[in-house]
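1. sequence and predicted model, in that order:
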Amino acid sequence: MKTTLFILLLLLLGGCSTKTPIIDTTPKKALKKLPLNIVGFPYKPKTDNWITMALFNEYKKWYKTPYEYGGVCLEGVDCSSLVQNIYQDAFNILLPRTTKEQVKVGFEISRESTREGDLVFFQTGYDTRHVGIVIEKGKFINAASSCGVTISELNNPYWRGKYWQSRRILPY
């Protein structure tokens, strides 16, 4: 009886939509087989500058949120919504909702000069784009369709081959 009441309470109070809560049932053995480009959690930044720390605090909130095309909340999020939410909450900067519009904000910079807070864009298909936020040199936060919100390595062969451009939004 208590279990049933607890589950009903979770369903009534949980999430930002009417979907059933997503429960991670991934076996622990499967977690060990994640691709090597994924940085696990708890992730500890190597630097303590204010931008990295603000991004890290947001990452902790979003970590392992499942990818959902068009999703905008902790129940499911896509890459551009994740970037929009993190920028709003960490820096009080409102970015456009879509990758197509986000790539027009700020100014383009070289891949080699990216630093914390810069946006990195990838061309993952003929007309498909992906975006993430650099959290520290060589690493970026993103909502990946394969594993949800995570930190990936920019030098991973997959991301290196799909890299499109970087943009700076934050004034340094």
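-> Nice, I can see it. Please read these numbers as outputs of a predicted model, since none were measured by experiment.

2. centroid residue for the protein?
-> N142 (2.8 Å; C-alpha atoms, centre = their mean).

3. isn't that residue up against L82?
-> Yes: the pair N142 / L82 is scored as a contact, 7.0 Å apart, by C-beta atoms under 8 Å. Just so you know, the C-beta spots here come from the backbone N, C-alpha and C atoms, and that holds for glycine as well.

4. so what sits against both of these two?
-> Common contact partners of N142 and L82 (C-beta atoms under 8 Å, 6 or more residues apart in numbering): V149.

5. low-confidence stretches in the chain?
-> 1-45 (pLDDT under 70).

6. how about a cut-off of 50?
-> Within the chain, the set of residues satisfying pLDDT under 50 comprises 2-38.

7. who's in contact with the residue nearest to the centre of the chain?
-> C79, L82, H130, V131, G132, I133, V149, T150, I151, S152.

8. what is the nearest of these to N92?
-> I133 (15.0 Å; C-beta to C-beta).

9. immediately after the strand or helix carrying that closest one, which helix or strand?
-> Secondary structure from DSSP states H and E places I133 in strand 129-136. Counting by DSSP H and E, the next helix or strand C-terminal to strand 129-136 is strand 139-144.

10. angle of that next one against strand 129-136?
-> 150 degrees (axes from the mean of the first three to the mean of the last three C-alpha atoms, to 10 degrees).

11. list the pairing partners of strand 139-144 within its sheet, with orientation.
-> strand 129-136 (antiparallel), strand 148-153 (antiparallel) (DSSP bridges).

12. and of those, who's closest to Q88?
-> Across those, closest to Q88 is strand 129-136 (C-beta to C-beta), at 12.2 Å.

13. rewinding a little: can you tell me which of the strands paired with strand 139-144 is nearest to I169?
-> Of the strands paired with strand 139-144, nearest to I169 by C-beta to C-beta is strand 129-136, at 9.3 Å.

14. pull out the buried positions in that closest one.
-> For strand 129-136, burial by neighbour count (16 or more other C-beta atoms under 10 Å) applies to R129, H130, V131, G132, I133, V134, I135, E136.
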